[in-house]
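Participant: what follows is a predicted structure for the sequence shown.
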Amino acid sequence: MKLDGSYTFDAPRKLVWDTLQDPESLKKCIPGVETFDQTAPDEYQAKMKIGVASIKGAYTSKIRVFDKEEPSHYKLGIDANGTPGFVRGEGTFELVEDGPDKTTINWSADAQVGGLVAGVGQRMLGGVAKMTVGQLWKAVDGQIKEKQGAK
Amino acid sequence: MPIKKVAVTTTINGQEYDGLIEPRKLLVDFIREEAGLTGTHIGCEHGVCGACTIIMDGETVRSCLAFAIQAEGKQLWTVESLAEDGKLSPLQNAFWENHGLQCGFCTPGILMTAVELLRDNPMPDDREIREGISGNLCRCTGYKNIVKSIAAAADKYRDGEREPVVAKAWPKAGGR
Amino acid sequence: MKPAQFEYFDPKTVDEAIALLKEHADDDAKVLAGGQSLVPLMNFRLARPKWLIDINGIEALDYIREEGDWLAIGAITRERDIEKSELVAGKCPLLKDVTRWIGHTTIRNRGTVGGCIAHNDPTAEYPLAAVLLGAEVKVQGANGVRTIPIQDFLITFLTTALEETDVLTEVRFPVMPKNMGWAFQEFARRHGDFAIVEVGVTLSMENGAVRDARIAVGGASPVAFRATDAEDALKGQTLTDELMEQAGEKAGAMTEPEADIHGSAEYRTHLAKVLTRRALKEARTRAH
């Protein structure tokens, strides 16, 4: 499954980068996160509930951040397993400076989805993925605004 | 979660059946297992194939999309109710005479659908029959003889033959 | 597959249902209406509610009545009853028309208008009809009763404004003026399948020109939407073939389609354009 998109934050690029690399912020951004722990530098383990409306599943995921080129580029790998199935994939993130207080993140992801959710849940996949990513960026935006407010 | 069973009593083909079941027990499984009426078949378990179609309180229902507990106190009619005293009903005879079945897996669902279809529309044309059975999947026949059989049944009713289950499943005239 | 375990409740009033939802809030409680969408999800174990609250026994929610300029329909009114209702045929003919596209007779025997709108499948017919006609939804919950315009109720893919303790109690559709033109076009691979794309149109004409046009598109976005760019292009204009084609283009430009085994995203956009044009043409024949 291939997805891509972009999201614009009203914040300087350094702040967006720092927020995205900060495990404390990430913990609050991942939709349906129940636990989020750093297991090694740039490696995390998370338990999360992903889905929409009544169609939710619990997943245990291993996340790692790599290919970092501060503050403009990084990649993220995910290996999530749960009762409804599994998700394995990689995302590439480019942070573009649109101005002193504007940053656009252009992202693309390539994911392999398997198990129950990929088979009988096929109709749902695209919609759920879109929604989950949307929730993620909104939450990151919220975190960034919090940091800006705190300044 | 500990399994909490619940008592359910329902009437199938005029006879009462009791069960002590988990709430999640599907109606089709209750009919086949607790009631031992295996004429109703499970094809897809998500409501698209129609093999599990029965009549409940005067309307066809996908029994794989209902829980047994929802049938509490209701009147159910399955394919076993069509024949009376060992005699095939006019609808069944029409299928027999017009080769309307091969493996027979979809047939019970199609028959129950046809009972309601012909009750609502005693003189359906070809298109109306096809639309009426569009919710029932058949892998064997290609549908042609099924349509022919239903049309033939409609003719039998016009000639004065009666489908025994209709008076039982719809005791009051009118209804839906 | 068989569903995961749950406990089952059978309230007889809306207040009872809300009390149950309150008791089991935060713990996977779900309202069961017709079950024609929810039970398949449960059978696949894509949905695993722990507490199932069956509202089919709340008879007070089964009604179709005219209330002033509105057609008020109780949440558990069966789709089949809407299909056969003379009141609906007279006051809201488009609603009757879209109903026959919902699955098959047997599905419509159990499926409910409330359940359909609360589920908000982007390919479903009732959310589209509601968006097109400007329906309202009545919701009752722990925080009281509220009436929500459909565009605020249907949020996105399978998501509505219903909160954890809410029960959708009524859907109300505006009575359609007698001279309003209307049409509904759906494309699916087989009759009764989920729509690939569907379009609904209403037209009010004055002196041969469009006074008001409404175009709603389903199946080509996470939620049914009004193609307002296309609607604006039609206002005050005579409906030529060329203009209807342009309206189709504008409607297509507003889609955000998914690709799946039934068609690519481009195909869905294309369908939206074609069905908009066809629906406009058909609606025009009904408008007077």
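Facilitator: Thanks, I have the structure now.
Participant: tally of neighbours for the residue nearest to C:Lys50 when sequence neighbours are not counted?
Facilitator: The spatially closest residue to C:Lys50, leaving aside those adjacent along the chain, is C:Asp28, at 4.3 Å (Cβ to Cβ, 6 or more residues apart in numbering or on different chains). (Glycine included, C-beta is placed from N, CA and C.) Neighbours of C:Asp28 under the rule other Cβ atoms under 10 Å in any protein chain shown: 16.
Participant: show me where the chain has its strands.
Facilitator: Let's take chain A. Listed in chain order, the strands of chain A (DSSP state E) span A:2-9, A:33-40, A:43-52, A:55-69, A:73-82, A:85-99, A:102-114.
Participant: meant chain C actually
Facilitator: C:7-9, C:29-32, C:51-54, C:64-67, C:70-74, C:136-141, C:144-149, C:154-156, C:159-160, C:167-174, C:181-187, C:197-206, C:209-218, C:225-226.
Participant: which one of the ones you listed lies closest to chain B?
Facilitator: strand C:7-9 (3.7 Å; Cβ to the nearest Cβ).
Participant: neighbouring contacts of that closest one?
Facilitator: B:4, B:6, B:23, B:67, B:69, C:20, C:50-54 (Cβ atoms under 8 Å, 6 or more residues apart in numbering or on different chains).
Participant: do that again at 10 Å, thanks
Facilitator: With contacts defined as Cβ atoms under 10 Å, 6 or more residues apart in numbering or on different chains, strand C:7-9 is touched by B:1, B:4, B:6, B:22-24, B:67, B:69-70, C:16-17, C:19-21, C:23-24, C:29, C:32, C:49-55, C:57.
Participant: so who does the residue of chain A found nearest chain B touch?
Facilitator: Residue nearest to chain B within chain A: A:Val120 (7.6 Å; Cβ to the nearest Cβ). When contacts are counted by Cβ under 10 Å, 6+ apart, A:Val120 touches A:84-85, B:46, C:1, C:40-41, C:43-46.
Participant: ramachandran coordinates for it?
Facilitator: phi -70, psi -20 (degrees, to the nearest 10).
Participant: who in the stretch 151-288 of chain C is up against chain B?
Facilitator: C:190-194 (Cβ under 10 Å from any Cβ of the partner chain).
Participant: what's around the closest residue to A:Gly127 other than its chain neighbours, how many residues?
Facilitator: Setting aside the residues directly before and after it, A:Gly127 is nearest to C:Phe157 in space (Cβ to Cβ, 6+ apart), at 3.7 Å. Neighbour count for C:Phe157, taken as other Cβ under 10 Å: 22.
Participant: thought C:Asp121 was touching C:Phe157, still the case?
Facilitator: Yes: assessed by Cβ atoms under 10 Å, C:Phe157 is found in contact with C:Asp121 at 8.6 Å.
Participant: can you check the pLDDT for the residue of chain B found nearest chain C?
Facilitator: Of all residues in chain B, B:Gly135 sits closest to chain C, at 2.9 Å by Cβ to the nearest Cβ. pLDDT for B:Gly135: 95.
Participant: with the one 5 residues further on instead?
Facilitator: Predicted confidence (pLDDT) at B:Cys140: the value is 97.
Participant: all good on my end, thank you.
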